[in-house]
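Participant: mind folding the following:
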Amino acid sequence: MARLFGTDGIRGVANRDLTPDLALAVGRAAGSILQEGRARPAVVVVGRDTRLSGPMLESALVAGLCSAGTDVLRGGILPTAAVAYLTVEERCAGGAVISASHNPVADNGIKFFSADGRKAGRETEAAIEARATISVDELPMSEGIGSVEDFHGGADRYVDHLLAALETPLRGLRVVLDCAFGAAFNVGPRAFREAGAEMTAIHAEPDGSRINVDCGATSLGKLARAVVEEGADVGFAFDGDADRVLAVDERGEEVDGDRLIGMTARHLRSLDALHGDVVVTTVMSNLGFRRALEESGIEVVAAPVGDRFVAEAMAEVGASLGGEQSGHVIFAEHATTGDGILTALQIAAILEEADEPLSKLAHFYEPFPQVLLNVPVSSTSALDTAEEVWAAVRAAEESLGTDGRVLVRASGTEPLVRVMVEASDGRVAEETSERLAEVVRANLA
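Facilitator: Down below sits the predicted model:
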């Protein structure tokens with residue numbers, strides 16, 4: 001079987017790439033792995049976002065898990081981070097989320113969590129792929145078949161967890177939330193209201209036909225306008241499964257993940273609460289961001305793209321804070337994975353305590369001009385052996401020297417090659433990125 005798992009689980013067009021048959025097979029494989037050596041059924045929490053294909057794939061995945069003897073707690077529509085949290089709190093053997101995160105409506109995905117609430121490792125994913133063709137002769141019968149129970153109250157417990165992590169009430173803070181018609185539609189606004197914020201929510205219906213469509217973390221225009229019109233202090237935009245968040249300041253200007261992580265790191269260090277004076281980001285983080293934090297006495301460790309890799313690096317260096325430019329932020333004391341709602345609440349608390357607006361707190365550095373181009377390709381796997389592409393990359397790196405950098409990588413979720421160039425001169429960044437993108441097209445499109 002071809003490789004199923006990418007950077008963030010299995011992902012593709014629902015009912016074409018990700019079919020009910022595949023979800024059933026993956027559920028059986030995962031369930032059989034979890035049942036190994038157990039006298040009693042393993043228990044798995046399953047949640048999903050609002051996509052139209054969600055119930056279809058949920059039914060298939062749950063059926064597969066049960067057919068392998070695994071019991072399922074079906075949580076319904078929940079943010080990804082809620083499933084990770086509840087997996088640990090319920091002492092489950094694992095968790096599963098049906099979501100394609102920020103992807104278009106037609107897509108969907110499946111990702112798994114281990115018992116410790118962290119995303120399943122590469123070895124586990126490989127084992128699931130290897131067992132996806134398990135024979136029915138290996139499956140249990142009669143009392144050995146797993147059961148399904150609707151998990152009522154999971155959202156309540158997750159909101160309680162979010163509020164318990166908040167040390168500062170948000171009384172008087174004016175906030176606009178863009179819930180992207182996704183998994184945050186209910187718990188996001190509820191958490192902010194219960195925290196005391198003056199809150200306005202947009203795109204806060206569970207409408208899977210509009211998830212991520214001109215809204216949420218992939219499209220900040222409507223949120224920016226709402227913040228300015230409402231006279232709000234801050235706006236937060238979630239993606240489809242609410243595992244990441246971007247912000248806009250009181251002027252309606254974007255605040256990306258680098259800036260959210262940076263302002264939080266500086267705040268925590270001022271309180272002597274940043275473990276080891278270190279943060280973990282990814283190779284996508286801006287050079288200006290890295291240099292500014294280092295000048296503030298904060299070490300910056302770079303991990304590969306993906307909050308799974310950020311979490312692993314955080315554990316290795318003992319960091320309490322890490323994340324991605326795209327808005328996945330991990331607060332290690334409160335979460336095992338990226339949590340957009342938790343992050344938004346923590347940023348809001350910093351604003352509540354500060355005498356300065358978000359526009360001042362977040363814009364503490366001047367970024368290097370950065371150009372990111374997404375180049376459609378016929379095969380992302382061919383990038384590894386595309387010698388002409390890598391020769392062009394080496395030439396560009398030599399030309400930029402210490403005044404810039406180049407990053408060319410295959411997307412783990414879409415048939416794209418991402419070409420990113422940073423340079424002290426914006427014109428040079430644009431010209432270099434366009435030249436590299438053309439080489440990619442010529443060799444891989």
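Participant: for T337, which non-adjacent residue is closest in space?
Facilitator: In this structure, T337 finds its nearest non-sequential neighbour in A84, 4.8 Å apart by CB to CB, 6 or more residues apart in numbering. All C-beta atoms are positioned from the backbone trio N, CA, C, and that covers glycine.
Participant: now the one you found: which helix or strand?
Facilitator: Per DSSP states H and E, A84 falls inside helix 80-89.
Participant: on that earlier part again, ok, the residue nearest to T337 - contacts?
Facilitator: Residues in contact with A84 (CB atoms under 8 Å, 6 or more residues apart in numbering) are 95, 113, 117-118, 335-337.
Participant: cutoff 10 Å now
Facilitator: Counting by CB atoms under 10 Å, 6 or more residues apart in numbering, A84 touches 45, 47, 78, 95, 97, 111, 113-114, 116-119, 158, 243, 335-339.
Participant: what about the residue lying closest to G323 once chain neighbours are set aside, neighbour count?
Facilitator: Leaving aside its chain neighbours, G323 sits nearest to V329 (3.6 Å; criterion: CB to CB, 6+ apart). Number of residues near V329 (other CB atoms under 10 Å) recorded here: 28.
Participant: ditto for the one 3 residues further on
Facilitator: The number of residues packed near A332 is 16, by other CB under 10 Å.
Participant: with adjacent residues omitted, what lies nearest to it?
Facilitator: Closest residue in space to A332, ignoring its immediate chain neighbours: S320 at 4.8 Å, by CB to CB, 6+ apart.
Participant: surely the one you found touches Q346?
Facilitator: No - look at S320 against Q346 with CB atoms under 10 Å: they stay out of range, at 11.7 Å.
Participant: what's the overlap in contacts for those two?
Facilitator: Here S320 and Q346 have 268, 331, 334 as joint contacts, going by CB under 10 Å, 6+ apart.
Participant: which ones among those residues lie within strands?
Facilitator: F331 (DSSP state E).
Participant: select only the buried ones of the shared contacts of S320 and Q346 in PyMOL?
Facilitator: Under the burial definition 16 or more other CB atoms under 10 Å, those of the shared contacts of S320 and Q346 that qualify are selected in PyMOL by:
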select buried, resi 268+331+334
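Participant: just to revisit the earlier point, ramachandran angles for the residue nearest to A332?
Facilitator: Backbone torsions of S320, given as degrees, to the nearest 10, read phi -100, psi -10.
Participant: other SSEs contacting the longest helix that the chain contains?
Facilitator: Longest helix of the chain, by residue count under DSSP state H: helix 426-444. Other helices and strands packing on helix 426-444, by 3 or more CB pairs under 10 Å, 6 or more residues apart in numbering; DSSP states H and E, are strand 370-376, helix 387-400, strand 404-410, strand 416-423.
Participant: that helix to helix 387-400, inter-axis angle?
Facilitator: Angle of helix 426-444 versus helix 387-400, following axes from the mean of the first three to the mean of the last three CA atoms, to 10 degrees, is 170 degrees.
Participant: and the angle from helix 426-444 to strand 404-410?
Facilitator: 30 degrees.
Participant: so who does the residue nearest to E299 when sequence neighbours are not counted touch?
Facilitator: Sequence neighbours aside, V278 is the residue nearest to E299 in space, at 4.3 Å (criterion: CB to CB, 6+ apart). Shown in contact with V278 (CB under 10 Å, 6+ apart): 265, 269, 293, 298-301, 313-314, 317-322.
Participant: reformat the helices and strands packed on helix 426-444 as JSON lines; add mean neighbour count.
Facilitator: Output for the helices and strands packed on helix 426-444, formatted as JSON lines (neighbours: other CB atoms under 10 Å):
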{"stretch": "strand 370-376", "mean neighbour count": "17"}
{"stretch": "helix 387-400", "mean neighbour count": "15"}
{"stretch": "strand 404-410", "mean neighbour count": "20"}
{"stretch": "strand 416-423", "mean neighbour count": "24"}
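Participant: ok, E143 to C92 distance?
Facilitator: 21 Å (CB to CB, to the nearest Å).
Participant: who's more crowded, those two?
Facilitator: With neighbours defined as other CB under 10 Å, E143 and C92 compare such that C92 has more, 23 against 7.
Participant: ends of stretch 135-150, what's the gap?
Facilitator: Start to finish, the residues bounding stretch 135-150 are 28 Å apart (CA to CA, to the nearest Å).
Participant: show residues contacting that stretch.
Facilitator: With CB under 10 Å, 6+ apart as the contact definition, stretch 135-150 has outside contacts at 27-28, 31-32, 34-35, 41-44, 46, 59, 62-76, 131.
Participant: and it, which residues are buried?
Facilitator: Buried residues in stretch 135-150 (16+ other CB under 10 Å): 139-140, 146, 148.
Participant: repeat for stretch 332-339
Facilitator: Within stretch 332-339, the residues that count as buried by 16+ other CB under 10 Å are 332, 334-339.
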